[in-house]
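1. whatever this is, show me its structure:
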Amino acid sequence: MPALPAAILFDLDDTIIQAYARPEEAWGRLLARFGDAFGDGEDTLARVQRAILEEARTFWGDPANAAKWRLDIAAARRLVVRRALARLRRPDDALADRIGDAFTEMRRAEYRLFPDALETLRRLRAAGVRLALVTNGQAEAQRAKVARFDLEWRFDHIQIEGEFGKGKPEPEVYRHVLDRLCVTARESWMVGDNIEWEVVAPQRLGMRGIWYDPHNQGLPAGSPVRPDRIIARLADILD
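-> Below you'll find the model as predicted:
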């Protein structure tokens, strides 16, 4: 086993559990259920899918929007679909809300632990590494995931944006976790799939930022970010 840090902070969604990745594929599957509502065949569904994805990128690309609406993902999805249908000149708020809610339910039903997540956490705890789970989002929704996958006892500290009052990438988030774990930034790593939240922000504080890329997508072209390490499996931390 390689030299490990005193502490590792883990993201939750799309790091410990598979939650929101591959939106193109997920929206394509969901919209296939609504073919009758549009009635114009596959080309129309493809246009709806593109419009939703474009609206979602614009919506979540606004930091103020992201900070507000990630505390109510279901409502945000309804709003995104409403805007997408309006863009296509097919405004229908009731249909948009049904589509958004169906997507939320589909995602929730499909939450899965990454295959090596629990074993990786077990081995790290056995090695004496202090562990924290640091997640953005609404308190009740994120606590439900923690309970569903029996995660609470696997971490020395769990910090949820909706409970703490601040979310990543605010520096206070990481500093508070480090204080609770009684470790310094220099002896800690952050692991997650979000380049800004799990690499850039922690690195600014002196932590090592490890980018989790389970689908081998690679860094965006021209990205100036340099993760301290890129891993495709959580168990790679131990290799």
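
2. any idea how the protein splits into domains?
-> The chain breaks down into these domains under automatic domain parsing: 7-19+113-238, 23-110.

3. so what's the gap between the longest one and the chain middle?
-> Its chain's C-alpha centre lies 10 Å from the corresponding centre of domain 7-19+113-238 when counted by Cα atoms, centre = their mean, to the nearest Å.

4. gap between the two ends of it?
-> 14 Å (Cα to Cα, to the nearest Å).

5. surely residue 71 and residue 140 touch.
-> No - the pair residue 71 / residue 140 is not scored as a contact, 10.3 Å apart, by Cβ atoms under 8 Å. C-beta: built from backbone N, CA, C; applies to glycine.

6. for the record, mean pLDDT for stretch 120-129?
-> The pLDDT scores in stretch 120-129 average 97.

7. list the buried residues for that stretch?
-> Buried residues in stretch 120-129, counted by 16 or more other Cβ atoms under 10 Å: 120, 121, 123, 124, 129.

8. need those in JSON lines (columns: distance to residue 15).
-> Output for the buried residues of stretch 120-129, formatted as JSON lines (distance: Cβ to Cβ, whole Å):
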{"residue": "120", "distance to residue 15": "11"}
{"residue": "121", "distance to residue 15": "11"}
{"residue": "123", "distance to residue 15": "16"}
{"residue": "124", "distance to residue 15": "14"}
{"residue": "129", "distance to residue 15": "16"}
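
9. now, which of those sits nearest residue 213?
-> residue 120 (15.6 Å; Cβ to Cβ).

10. elements contacting the helix-or-strand element of the chain with minimal mean pLDDT?
-> The helix or strand of the chain with the poorest confidence is helix 35-38; it has a mean of 87 (mean pLDDT, DSSP states H and E). Counting contacts by 3 or more Cβ pairs under 8 Å, 6 or more residues apart in numbering; DSSP states H and E, helix 35-38 packs against helix 42-61.

11. again, 10 Å this time
-> For helix 35-38, the elements it packs on are helix 42-61, helix 93-110, judged by 3 or more Cβ pairs under 10 Å, 6 or more residues apart in numbering; DSSP states H and E.

12. just for this structure, where's the confidence low?
-> Applying pLDDT under 70 to the chain flags the ranges 1-2, 40-42.

13. that one: strands as residue ranges?
-> All strands of the chain, identified by DSSP state E, fall at 7-10, 17-18, 112-113, 130-135, 157-160, 188-192, 208-212, 229-231.

14. just want the angle from the fourth one to strand 188-192.
-> Between the axes of strand 130-135 and strand 188-192, defined by axes from the mean of the first three to the mean of the last three Cα atoms, to 10 degrees, the angle is 40 degrees.

15. partners of strand 130-135, with directions?
-> Looking at strand 130-135 with DSSP bridges, its partner strands are strand 7-10 (parallel), strand 157-160 (parallel).

16. which of those sits most buried?
-> Across these, averaging neighbours per residue (mean count of other Cβ atoms under 10 Å) puts strand 7-10 on top, at a mean of 26.

17. tell me the contacts of the nearest residue to residue 51 once chain neighbours are set aside?
-> Once flanking residues are discounted, residue 51 sits nearest to residue 84: 3.9 Å by Cβ to Cβ, 6 or more residues apart in numbering. Neighbouring residues of residue 84 by Cβ atoms under 10 Å, 6 or more residues apart in numbering: 27, 47-56, 59, 90, 96, 99-100.
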